[in-house]
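[1] generate coordinates for the sequence data below:
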Amino acid sequence: MGDMLSAAGAVGVPADLRYGAVVTTDALAAELPRDLENITLRAHGEHVVELVLDRPQALNAVSTAMARDLVAATSALAASARTRAVVVSSAADRAFCVGADLKERNGLSDADLAAQRLVTGPAYRGVLDLPMPVVAAVHGFALGGGFEIALSCDLVVADETAVVGLPEVSVGVIPGGGGTQLLTRRVGWSRAADLIFTARRLTAAEALAHGCIDRVVPAGAARDAAIELATTIAANSPMGVRQAKRAMRLGLDVDLATGLAVEDSAWRTTAFSPDRAEGVQAFNDRRSPRWPSDDQPLR
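    Okay, here's the model as predicted:
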């Protein structure tokens, strides 16, 4: 596929948000891998990266090779000092991702399937564990592992053509990319049980009503809407946004006292950081902040 990374400068962070030396889109692009066959990474402006599922001939069915590429892509994004937000989108016309590559799996022995699991498991976790906010841009079919990729994102923007579902029980397995856990946390036990046990599909409107997705936009608009949302997020303190995500994730399934302790730890990390000082000063100066954490790796 040649050079797998392209820079798109139409969506960017305003010039007055820059701090110190100007960080260009080229600098962001330089942090990202260029040689992935099934994933394309595009830099938008200075701080937003689009991770494109790029196996359109198979409607982005997740093969072993694609899973390896997803691990490589998310590992690079997790290590990127300049990436503040990620958009996961699709290069396929009719689908976000149709899930596991069942044609490939049809020829796998039990030992082969167990070996594949060592790749596919980290692929889904790679999206889930990204330290910066991640927005899914869904159109067409997002089924099985494809819906699980979307559920692994923090926010899901879908257009009116989206159809989502977890049909794994209809082929003799269960959702194994986080679906049983992530969908239940999103929509509650009863709604998740209904969708998983019946293997039924939801339209975009139904998915929004169930809480499976967060926003519905007109057909063809999901990608642009997701990039706009990610750019809005990226204008805020990198330290603050990452610590907010960390506190929310770590506090999700613990008792309230423990959750508040997690929040306090994250608050202290931000409160005594240069970003907090700059944010308060910028507010009083009536100007946009110039975030000092732009100049240092964030973990």
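[2] make it CA atoms for all contacts and neighbour counts henceforth
    OK.
[3] I figured residue 75 hits residue 126, correct?
    Yes - the pair residue 75 and residue 126 passes the contact test of Cα atoms under 8 Å, sitting 6.8 Å apart.
[4] the more surrounded of those two?
    Neighbour tally, residue 75 and residue 126, criterion other Cα atoms under 10 Å: the higher count belongs to residue 126, 22 against 18.
[5] for the stretch 1-150 of the chain, just list every one of the helices.
    With DSSP state H, counting those that start in this stretch as the criterion, the stretch 1-150 of the chain has helices at 25-30, 64-79, 102-105, 110-128, 145-151.
[6] okay, buried residues for the longest one please.
    Of the residues in helix 110-128, those scored as buried under the neighbour-count criterion (16 or more other Cα atoms under 10 Å) are 116-117, 119-120, 122-128.
[7] out of the residues you listed, which is nearest to residue 174?
    Proximity of those to residue 174 (Cα to Cα) peaks at residue 117, which lies at 13.4 Å.
[8] how near is the closest one to residue 124?
    Residue 117 sits 11 Å away from residue 124, taking Cα to Cα, to the nearest Å as the criterion.
[9] and if you look at residue 224?
    Counting by Cα to Cα - residue 224 and residue 124 are separated by 24 Å.
[10] what do you get for residue 235?
    Counting by Cα to Cα - residue 235 and residue 124 are separated by 27 Å.
[11] reformat the helices of the stretch 1-150 of the chain as CSV; add mean pLDDT and distance to residue 57.
    CSV is the format used below for the helices of the stretch 1-150 of the chain (pLDDT from 0 to 100; distance: least, Cα to Cα, whole Å):
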stretch, mean pLDDT, distance to residue 57
helix 25-30, 74, 26
helix 64-79, 96, 13
helix 102-105, 91, 13
helix 110-128, 95, 20
helix 145-151, 98, 15
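[12] any chance of those helices in JSON lines, plus distance to residue 249?
    Formatted as JSON lines, the helices of the stretch 1-150 of the chain follow (distance: least, Cα to Cα, whole Å):
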{"stretch": "helix 25-30", "distance to residue 249": "26"}
{"stretch": "helix 64-79", "distance to residue 249": "16"}
{"stretch": "helix 102-105", "distance to residue 249": "32"}
{"stretch": "helix 110-128", "distance to residue 249": "10"}
{"stretch": "helix 145-151", "distance to residue 249": "14"}
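[13] which pLDDT value does the model give the closest residue to residue 148 other than its chain neighbours?
    Using Cα to Cα, 6 or more residues apart in numbering and skipping residues adjacent in sequence, the residue nearest residue 148 is residue 179, 5.4 Å away. Note on residue 179: pLDDT of 97.
[14] same check on residue 35?
    Residue 35 is given a pLDDT of 85.
[15] just the CA atoms of stretch 157-175, as CSV, please.
    The C-alpha coordinates for stretch 157-175 follow below in CSV (Å, rounded to 0.1, in the frame of the first residue of the first chain):
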residue,chain,number,x,y,z
VAL,A,157,-20.3,8.6,16.9
ALA,A,158,-22.4,6.8,14.4
ASP,A,159,-24.2,7.8,11.3
GLU,A,160,-27.8,6.9,10.3
THR,A,161,-26.6,3.8,8.3
ALA,A,162,-25.0,2.1,11.3
VAL,A,163,-26.1,-1.3,12.3
VAL,A,164,-24.5,-2.8,15.5
GLY,A,165,-24.7,-6.1,17.2
LEU,A,166,-22.9,-9.0,18.9
PRO,A,167,-23.9,-12.1,17.0
GLU,A,168,-21.3,-14.4,18.4
VAL,A,169,-23.7,-16.9,20.1
SER,A,170,-25.2,-17.6,16.7
VAL,A,171,-21.9,-19.1,15.5
GLY,A,172,-21.1,-21.0,18.7
VAL,A,173,-18.9,-18.6,20.7
ILE,A,174,-19.4,-15.6,22.9
PRO,A,175,-18.1,-12.0,22.4
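[16] make sure residue 237 is actually in contact with residue 273.
    No - contact criterion Cα under 8 Å: residue 237 and residue 273 do not qualify, at 10.6 Å.
[17] out of those two, which sits in the more crowded spot?
    The neighbour comparison of residue 237 against residue 273 (other Cα under 10 Å) goes to residue 237, with 22 against 15.
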